[in-house]
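Participant: with the input below, show me the fold.
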Amino acid sequence: MDPADETRSGSRSVPPSAQFPEGASALADHNLARRLCQEILLPADVESLRSRQVTEMLSKFYPTMVELIYTMSELEAGYRRFENVRAAWKERSAAAEVEKAMLVDHLQQSADREAKLVDEVSRLGSELRSAKKEARHKGRAVRRLRHERDGVAAELQGEREQLRVSLEKLAKAEEELSIAQADADIAKAEAESAKDVLGRAKEEAR
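Facilitator: Numbering: from 1, shown residues only. You can find the predicted model right below:
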């Protein structure tokens, strides 16, 4: 083995942080970036590269670059689709959360009104029974109380129907939120797959 190769090979036992000054950046220093690229090659790799013909290297370079550019384009498109789905999911999620909060509040109000109406129906029924016992001749008052009781009962039925509709809307909102989450997971998986393909393309380019 060439002495220079032995020296370069032996230097790999030293951690990279010990070879470069603190705060150095390969993104800002192209010479440092070149040194890092040279450091990752083993002596056998260097000899193999030196023995290759220029035409052989060029014949592999351009197809590899074309494949790499295509893979990067696919990765970019995958990330854009993921960002679009994630943005849409965030909007739908936020809207679903707002609607869910409104429905929960409406359900609570409906439950409170239902409890009050149940108490009112019970009170009016008790008054009606008392009126029948105490004054059968007060038929007009009895009819008034019965009418009020029927009206409150009808209102209670309407509140129960509204409560049922609100529950259906809440279930639909939760289903849409689940679908949005599934779409985001699929887009993320596509982006990760494109990233793996890019990684393999880079390895082949080396």
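Participant: quick one: the strands in this protein?
Facilitator: Shown for the chain, no strands are assigned by DSSP state E.
Participant: what about the helices in it?
Facilitator: In the chain, the helices defined using DSSP state H lie at 3-10, 16-19, 30-39, 43-51, 54-134, 139-205.
Participant: redo the ones you listed as TSV? Include mean neighbour count.
Facilitator: Yep, even glycine has a C-beta here, placed from its N, CA and C like the rest. Output for the helices of the chain, formatted as TSV (neighbours: other Cβ atoms under 10 Å):
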stretch	mean neighbour count
helix 3-10	12
helix 16-19	10
helix 30-39	12
helix 43-51	11
helix 54-134	14
helix 139-205	14
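Participant: which of those helices comes out lowest on mean pLDDT?
Facilitator: Sorting the helices of the chain by mean pLDDT places helix 3-10 lowest, at a mean of 41.
Participant: list the contacts for the residue lying closest to residue 180 once chain neighbours are set aside?
Facilitator: Leaving aside its sequence neighbours, residue 180 sits nearest to residue 89 (Cβ to Cβ, 6 or more residues apart in numbering; 4.2 Å). When contacts are counted by Cβ atoms under 8 Å, 6 or more residues apart in numbering, residue 89 touches 180-181, 183-184.
Participant: cutoff 10 Å now
Facilitator: Neighbour list for residue 89: 96, 177, 179-185, 187 [criterion: Cβ atoms under 10 Å, 6 or more residues apart in numbering].
Participant: quick one: which of the residues you listed is nearest to residue 150?
Facilitator: The shortest gap between residue 150 and any of the contacts of residue 89 belongs to residue 96, at 39.2 Å (Cβ to Cβ).
Participant: wait, what's in contact with the closest one?
Facilitator: Contact partners of residue 96, counting by Cβ under 10 Å, 6+ apart, are 89, 170, 172-178, 180.
Participant: kindly report the same for residue 171.
Facilitator: Counting by Cβ under 10 Å, 6+ apart, residue 171 makes contact with residue 103.
Participant: quick one: it from residue 197, how far?
Facilitator: From residue 171 across to residue 197, the span is 40 Å (Cβ to Cβ, to the nearest Å).
Participant: and residue 78, by the same measure?
Facilitator: According to Cβ to Cβ, residue 78 stands 9 Å off from residue 197.
Participant: can you put the contacts of residue 89 in JSON lines and add distance to residue 127?
Facilitator: Shown next, in JSON lines, are those (distance: Cβ to Cβ, whole Å):
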{"residue": "96", "distance to residue 127": "45"}
{"residue": "177", "distance to residue 127": "47"}
{"residue": "179", "distance to residue 127": "52"}
{"residue": "180", "distance to residue 127": "53"}
{"residue": "181", "distance to residue 127": "53"}
{"residue": "182", "distance to residue 127": "56"}
{"residue": "183", "distance to residue 127": "58"}
{"residue": "184", "distance to residue 127": "58"}
{"residue": "185", "distance to residue 127": "60"}
{"residue": "187", "distance to residue 127": "63"}
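Participant: for the residues you listed, which one is nearest residue 50?
Facilitator: Using Cβ to Cβ, residue 187 is the member of the contacts of residue 89 that sits closest to residue 50, with 45.0 Å.
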